[in-house]
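**Student:** my questions concern the predicted model and sequence given below.
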Amino acid sequence: MVLKIQNVSKNFGGINALKDVTFSINEGEIYGLIGPNGAGKTTMFNLITNIFEPTSGEIIFNGENITALKSYKITEKGICRTYQNIRLFPQMSALKNVMVGGHCRSNAGVFSSVFRTKSQRKEEQELTKKAEELLELVGLLEFKDTFAENLAYGQQRRLEIARALASNPSLLLLDEPAAGMNEKETDSLYDLIKMVQSMGITVLIIEHDMPLVMKLCDRITVLNFGEKLAEGTPEEIQSNEAVIEAYLGKEEEEEIA
Ligand SMILES: Nc1ncnc2c1ncn2[C@@H]1O[C@H](COP(=O)(O)OP(=O)(O)OP(=O)(O)O)[C@@H](O)[C@H]1O
């Protein structure tokens, strides 16, 4: 088991954003987190990466309790994420954006950063090479010198994934990666996430695009008003009465089938 969410709750003032949620993710799975707007999905990502600490409950990663670890420590342990709203450096090249993602794993200390030692130059070369490989993986190598802001929307989302991969995660969290994508972009996103899985990386994905979720995910948890409504395979989720009632809706159910 890679990640265990154990009885996690989060209150913001009077709002119970998450209530006693438990689920766990196996190594190599693509695991979906779905539910209506405001169900608590992004809050769950914010707790896993410790933007906030849970009000109660524990988060266990590879057998270690990471609930109270600082965000950068969690990245070092191997969890990396993308954001619902794209967070690239708009006036930096695609290559530099990916290299920034790799820096959190770089060994360069303050001394070598100031004096640019030989070892730092070597490390910079390695980061560049790795960033180029990742750009190739996400199909953006030809745009390596293009400012992020000049890339098409779907390309920016792929660039965000490349940047997250630069820190060598074993668990990748994707927050609505298909948002705003057209059908063609969504199809190539599917291929990319499958490729990430084949590299041995476990994926936890928040997504509203139901056909994509149902095609992509091995298992799914459905949140509703901060509570776990259901957990299961895409087939089980699509036929779960409570889920259909609260989220998928009768019409959407017909569309998915
Ligand atoms: N920092 C915060 N301060 C106060 N309330 C918050 C905070 N973050 C989230 N909430 C509240 O917690 C609830 C869950 O929000 P969250 O963003 O996790 O939902 P979501 O499932 O990701 O929704 P969406 O699909 O719209 O992104 C909402 O009622 C939201 O207003």
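**Tutor:** Yep, that arrived.
**Student:** only C-alpha atoms from now on, for both contacts and neighbour counts.
**Tutor:** Will do.
**Student:** pretty sure A162 contacts V98?
**Tutor:** Yes - with contact defined as Cα atoms under 8 Å, A162 counts as touching V98 (6.2 Å).
**Student:** pick out the residue of the stretch 101-250 of the chain closest to the ligand.
**Tutor:** For the stretch 101-250 of the chain, the nearest residue to the ligand under the criterion Cα to the nearest ligand atom is G226, separated by 6.8 Å.
**Student:** just confirm that residue contacts F12, I think it does.
**Tutor:** No - counting by Cα under 8 Å, G226 stays clear of F12, with 11.8 Å between them.
**Student:** comparing those two, which residue is more hemmed in?
**Tutor:** G226 (24 against 9; other Cα atoms under 10 Å).
**Student:** tell me the contacts of the more buried one?
**Tutor:** N16, A17, L18, K19, V21, G38, A39, G40 (Cα atoms under 8 Å, 6 or more residues apart in numbering).
**Student:** pretty sure the first one is in a strand, no?
**Tutor:** This means N16. Yes - using DSSP: H, G, I helix; E, B strand; the rest coil, the assignment for N16 is a strand.
**Student:** name the nearest residue to it, sequence neighbours excluded.
**Tutor:** Spatially, and ignoring its direct neighbours in sequence, N16 is nearest to K10 (6.1 Å; Cα to Cα, 6 or more residues apart in numbering).
**Student:** check D218 too.
**Tutor:** Going by Cα to Cα, 6+ apart, D218 has I30 as its nearest residue, at 5.5 Å.
**Student:** measure that neighbour to the ligand for me?
**Tutor:** Note on I30: its distance to the ligand, by Cα to the nearest ligand atom, to the nearest Å, is 18 Å.
**Student:** now that residue: how far from C217?
**Tutor:** To C217, I30 is 5 Å away according to Cα to Cα, to the nearest Å.
**Student:** also G102?
**Tutor:** According to Cα to Cα, G102 stands 27 Å off from C217.
**Student:** and these two? Which one has more around it.
**Tutor:** Shown here are G102 and C217; by other Cα under 10 Å, G102 has more neighbours (23 against 19).
**Student:** show me what contacts that one?
**Tutor:** Neighbour list for G102: L127, A131, R163, A166, S167, N168 [criterion: Cα under 8 Å, 6+ apart].
**Student:** try 6 Å this time
**Tutor:** The contact partners of G102, by Cα atoms under 6 Å, 6 or more residues apart in numbering, come to A166, S167.
**Student:** report pLDDT for it.
**Tutor:** Note for G102: predicted pLDDT of 76.
**Student:** helix, strand or coil for it?
**Tutor:** State at G102, reduced to three classes by three-state DSSP: helix.
**Student:** about what we covered before: widest-spaced pair of the contacts of G226?
**Tutor:** V21 and G38 (15.0 Å; Cα to Cα).
**Student:** those two - which one has more neighbours?
**Tutor:** When V21 and G38 are compared for neighbours, V21 comes out ahead with 19 against 13, by other Cα under 10 Å.
**Student:** settle this for me: the more buried one is touching K4, isn't it.
**Tutor:** No - V21 is not in contact with K4 according to Cα atoms under 6 Å; the separation is 10.4 Å.
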